[in-house]
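Undergrad: Provide a 3D model corresponding to the input given below.
(2 chains)
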Amino acid sequence: MASAFDFLIAGDDAPSLIAAAAAARAGASTLIVAPKKNKQIAPPSFPDIPNFVWRRLNLQDHNFSLQPVSARITLLDDGVSAQSFRTDRETAETLQYDDPDAAALLPVFSDEMRALGASADKINDSNAEGVPAALAVLFDDDGLSDLSDLSKLSGAANEVLDDYLNGGPVSSHISTHALSLAGLGGEEAGSAQIFPEFFDDAAWRARTAKGSQPLMKILHKICAESGVVMQEGMVSDISPEGAKANSVSFGNDEKIRINRIFFASPDSAAEAGYSPGAARQTAFNGASATLRLRLRKPIAAPAGDKSAIFQIVDGTCDLRASRHAALTGKLPEKPPVQFEFVGDNEIVAHTAYIPNKLCDEEGWRAWTGQDRQLLMRIMMDRLSSRLDDLGAKVRKQEIVIQTTREPMRDVYARARNIYMQSKRHNAIAAAVKLVDRALNDG
Amino acid sequence: MTAEGAAVAGAPSRIEGGVDAIVVGASADGLVAAAYLARAGLKTVLFENAADIGLPVRRRAYGGDKHGVDAEHLVFTLDPQVIDDLELYRHGVSFAARRLDTVYFFDDHEALHVSGDVRNAANDIDDDDEAAAFTTFLEDVFEASSFLRPLFSGAAGRDFKKAFNTASPALARRLNWMMTASVDDVMASYLSEGRLRTAMTAETVFRTSSAPHEAMSFAGLLAKWSGEVAGLQAACGVPEGGVTVVIDALRRAAQAANVDIRASSAVRQILIEKDRAAGVSMEGGGQVRAPIVVAAGDARQVFLSLVGPGALDVAFQQDVAAMTPKTATAQLHLALRGSPRDEETRANMARRLVFAPPLEALRASFSNARQGEVSDGLIIEAIFPQVFDQEAVNSKMQILSVMAHPLPFDENPEKDRQEEIRTAILSGLEKFAPSISKRIEADQLVLASDAPAVGDGRASAFAARPGVVRQLALASLCASGGRIGGLYFCGPESQIGAGLNGAAGRNAARAALQKFTRAGGAP
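TA: A predicted model of the protein is given here:
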């Protein structure tokens, strides 16, 4: 393996592989480092792949096609539900009979949030070496509208949402789908920044279409064809080398000179031992759990729509309470649970509202098998509350908990050209844009 | 109120002219702004609704004891430029104690003593590795907070931007990171889990609205440590005679500069004519006209009531309306039976005592406070003000001033809620001062809602401000006066961080003087 690369990409999830392929195709020598993984359960959907990424990677040449999810549906308490669709127009049309106020206000809210996208990206700029981009407006003579943006985006999601929608199922629906990605409660400073990218077109989720090759298989192939080097391992230290490069080590004697270090998500950063704190507003302080249920026989989907993405939540108070529990080392009683159908005989459910470590009378401790069993029961209870007769139809269930590591000490002051994305709904499009920026930074 | 002032304020339909600048509100920043304007030669009138000047931090007597406690019991970030420019030492400010040591107490009943000279605080740490890590932490944080001082004092302009862009890459990266990262992330990068991390976390989030796990929360420590007392960054001091002496000194400085201070004079409206401030109208009738109006009340009161929404941009109105606090600090004054009999005990009491709750309890407290609930995982800061007061040495009672955070912000707390807060604070105190409750002779609870009750709708100093980055944005927005020419703002929203500071008043006056001079209006 070469001893120097332009790009080190930590992690091998879809955004990481796409970023690596984009960097390599732009002429950068690229290394992917990812730890050996234990069992993983991947949700079938992933963030949409916008057209410019298709063209960049020539995905159309690989027998690849996408099927967007049909709807985002939230299953609230007492049989109430709310849903939204890929376009504001479709959503407004559906809403106008049940909730005309929301039908009128939601498109305004989503438009205004999308307009804040550029400002949110500036705040997320983890590699700025001059004035923090988020603060630059403070020194501009005529930066009042930017200041107003900064004020909104550094505030709480709940406050921003309350300015537009006065509670109700639609408000709970938007909160749940937007915030649950990063296990947020909605009251955190800066959590409002989740909205601009949530309403981005590239945040809508999609699945591999029937007959298409699996996305990950194609991405591995494209990376290999593009000359991306893949190595198993974890970053153990990063230190500066020369004026612009870093020396990266991997827990052995091997050291590689790297110009730019790239994390496509806080999860890949955490896996590599890099603090997800640099992921600003959606810094993810907890763990996540994915539950796979294999079914004896098919089960009816809520609203009769198996291609939607569902969230189970009684109300937004569940988000706050579960976040609170996760931060204090407890298992939440009613965690928001997202789930999807995989064909007729499988359901994959996910929650990001669980603690990284648990805390009891003895203090903080790691997860045990008993904890996993308990969480599985809690998630099953949530699913059973919305899916009739689920318990009787489950043939096999398995759960995977993904925890994060403690950060490397003081690495920010030492390392150079580190690019990291926050946990984003539009992770794939944003990863390629961030690669482009990194390349432009020289 | 002066006789002349009473006549003008009370005379219906009468217009008073010949005034260069009006300051609305005699808070510390209002007094500072007025003093600067008058020292520059502007005929300056300061209107205060209350009869007493500096009421929000005024010493209060209670329990029949003459030794009450100020609403602020320590000074952390009093602007050194204000001290020098307004000659506050000549006007009566002196420090009974500087570089006050802090003793942190923990849930496991252990304690950690940290020197008041924080730069050398690592010397107090026994473990060599931990001391080395703490030294690096202190060096990096001090470097960042010194650099950012102009930003926090509201004086950052193009020169600061230039300085930022020419900072070393390592410093620039660290500044970027520390301004936007969470307390948890920064602490975990420097300090191993343990008491020191717990203590520094409590220090950072005390009196802020940002929980330690939240993005941008670490900036709270940068702001706090960018101040200084008597030239020592990050130190805290006890003014001789209490913090109210600073207010008295500011009043004297304003009077010495010929500010016309008119107490008991309520302003009804700030007059806006052709998008410019033109003066004020008074509650009792009449107008006072001036090309400069500096408002020192809280933003909602100034912009939504005194100026009125009609003169404001809609987005700005939304920004101002969003400034409702969710969390707050409470203060509990205790008169305790008995007094220290020996010098050693007195020496031990001459410290700042801080209870730092476990991190998970602290996170829960923030979350609960936002939901309107009171937790027992509060950060408690306590001092014995009498120890610094020579006149009170022989008192038969000890006075203890306690501040507790984070608590819910209640506009109208009921009796049960007040009792719940009192109990939670006492429970926190008992963790490091067992049986203290049995020695209470009298007590007084001061909540964020009490300041508006006594201080003319002024936002309480105890209401937690938003996170630092949001505060910076809101402060800049407010400082622009809602884009109304001649209107300047130095209310609590224009100050970054809690406590007595004065920089906002200085900045408002400076901005007003620059425009006034540029317009050829300088006398």
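Undergrad: Where is the longest helix in chain B?
TA: When chain B is parsed with DSSP state H, its longest helix is helix B:128-147.
Undergrad: Give the next helix or strand downstream of it.
TA: Next along the chain after helix B:128-147, taking DSSP states H and E as the criterion, comes helix B:149-152.
Undergrad: any idea how far residue A:12 lies from residue B:378?
TA: Residue A:12 is 45 Å from residue B:378, where distance means CB to CB, to the nearest Å. C-betas here are computed from N, CA, C, even on glycine.
Undergrad: okay, these two: which has more neighbours?
TA: Neighbours per residue, other CB atoms under 10 Å in any protein chain shown: of residue A:12 and residue B:378, the larger number sits with residue B:378, 30 against 22.
Undergrad: near chain A, which residues of the stretch 51-200 of chain B?
TA: Within the stretch 51-200 of chain B, the positions lying close to chain A (CB under 8 Å from any CB of the partner chain) are B:133, B:136, B:140, B:151, B:156-158, B:160-161, B:164-165, B:169-170, B:172-177, B:179-182, B:184-186, B:188-190.
Undergrad: Okay, now the unreliable bits of the stretch 51-200 of chain A?
TA: By pLDDT under 70, the low-scoring segments of the stretch 51-200 of chain A are A:123-145.
Undergrad: any chance you could map the strands in it?
TA: Here the stretch 51-200 of chain A has its strands, by DSSP state E, counting those that start in this stretch, at A:66-68, A:72-75, A:81-84.
Undergrad: Tell me which of those strands sits nearest to residue A:359.
TA: strand A:72-75 (30.1 Å; CB to CB).
Undergrad: where does the stretch 351-500 of chain B have low pLDDT?
TA: B:390-395, B:451-460.
Undergrad: other SSEs contacting the helix or strand that residue B:185 is a member of?
TA: Residue B:185 is part of helix B:183-190 when elements are defined by DSSP H and E. Applying 3 or more CB pairs under 8 Å, 6 or more residues apart in numbering or on different chains; DSSP states H and E, one finds that helix B:183-190 makes contact with helix B:128-147, helix B:195-205.
Undergrad: And those helices, which one averages the lowest pLDDT?
TA: With a mean of 91, helix B:128-147 has the lowest mean pLDDT of these.
Undergrad: Measure how far the helix holding residue B:185 is from the centre of its chain, please.
TA: 26 Å (CA atoms, centre = their mean, to the nearest Å).
Undergrad: quick check: angle from it to helix B:128-147?
TA: Here helix B:183-190 runs at an angle of 130 degrees relative to helix B:128-147 (axes from the mean of the first three to the mean of the last three CA atoms, to 10 degrees).
Undergrad: In helix B:183-190, which of the residues would be classed as buried?
TA: Under the neighbour-count criterion of 16 or more other CB atoms under 10 Å in any protein chain shown, helix B:183-190 has B:183-190 buried.
Undergrad: likewise stretch A:35-51?
TA: A:35, A:42-50.
Undergrad: ok so, going back, now render the helices and strands packed on helix B:183-190 as CSV, adding mean neighbour count.
TA: Shown next, in CSV, are the helices and strands packed on helix B:183-190 (neighbours: other CB atoms under 10 Å in any protein chain shown):
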stretch, mean neighbour count
helix B:128-147, 17
helix B:195-205, 24
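Undergrad: Export these as a markdown table, with columns for distance to residue B:292.
TA: Converted to a markdown table, the helices and strands packed on helix B:183-190 look like this (distance: least, CB to CB, whole Å):
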| stretch | distance to residue B:292 |
| --- | --- |
| helix B:128-147 | 32 |
| helix B:195-205 | 38 |
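Undergrad: what sits against the closest residue to residue B:198 other than its chain neighbours?
TA: Nearest residue to residue B:198 in three dimensions, chain neighbours excluded: residue B:356, at 4.8 Å (CB to CB, 6 or more residues apart in numbering or on different chains). By CB atoms under 8 Å, 6 or more residues apart in numbering or on different chains, the residues touching residue B:356 are B:104-106, B:195, B:198-199, B:201-203, B:379.
Undergrad: again, only this time at 10 Å
TA: Going by CB atoms under 10 Å, 6 or more residues apart in numbering or on different chains, residue B:356 touches B:104-107, B:112, B:195-203, B:206, B:362, B:379-380, B:432.
Undergrad: Also residue A:371?
TA: Applying CB under 10 Å, 6+ apart to residue A:371 gives the contacts A:331, A:354-355, A:358, A:365, A:401.
Undergrad: Same list, those, but only the ones touching chain B.
TA: Checking the contacts of residue A:371 against chain B by CB under 10 Å from any CB of the partner chain, the ones in range are residue A:355.
Undergrad: so which of the contacts of residue A:371 comes closest to chain B?
TA: residue A:355 (9.3 Å; CB to the nearest CB).
Undergrad: Number of residues surrounding that closest one?
TA: Using other CB under 10 Å, residue A:355 has 23 neighbouring residues.
Undergrad: Would you mind confirming that it is in contact with residue A:287?
TA: Yes - with contact defined as CB atoms under 10 Å, residue A:355 reaches residue A:287; the gap is 6.4 Å.
Undergrad: what touches both of those two?
TA: Counting by CB under 10 Å, 6+ apart, the common neighbours of residue A:355 and residue A:287 are A:183, A:326, A:367, A:403.
Undergrad: For the first one, what are phi and psi?
TA: Dihedral pair for residue A:183: phi 60, psi 40, per degrees, to the nearest 10.
Undergrad: just checking, it touches residue A:337?
TA: No - with contact defined as CB under 10 Å, residue A:183 does not reach residue A:337; the gap is 12.0 Å.
Undergrad: what touches both of these two?
TA: With CB under 10 Å, 6+ apart, residue A:183 and residue A:337 have common neighbours A:322, A:351, A:353.
Undergrad: Near chain B, list only the ones from those residues.
TA: Okay, of the shared contacts of residue A:183 and residue A:337, nothing touches chain B (CB under 10 Å from any CB).
Undergrad: ok, the residues you listed vs chain B, which is closest?
TA: Lowest distance from chain B to those (CB to the nearest CB) belongs to residue A:322, with 11.0 Å.
Undergrad: Quick one: residues contacting residue 257.
TA: The chain I'm using is chain A. Residue A:257 touches A:2-6, A:8, A:241-242, A:245-248, counting by CB under 10 Å, 6+ apart.
Undergrad: look at chain B instead
TA: Contacts of residue B:257 (CB under 10 Å, 6+ apart): B:34-42, B:44, B:86.
Undergrad: For residue B:76, what are phi and psi?
TA: Torsion angles, degrees, to the nearest 10, at residue B:76: phi -110, psi -40.
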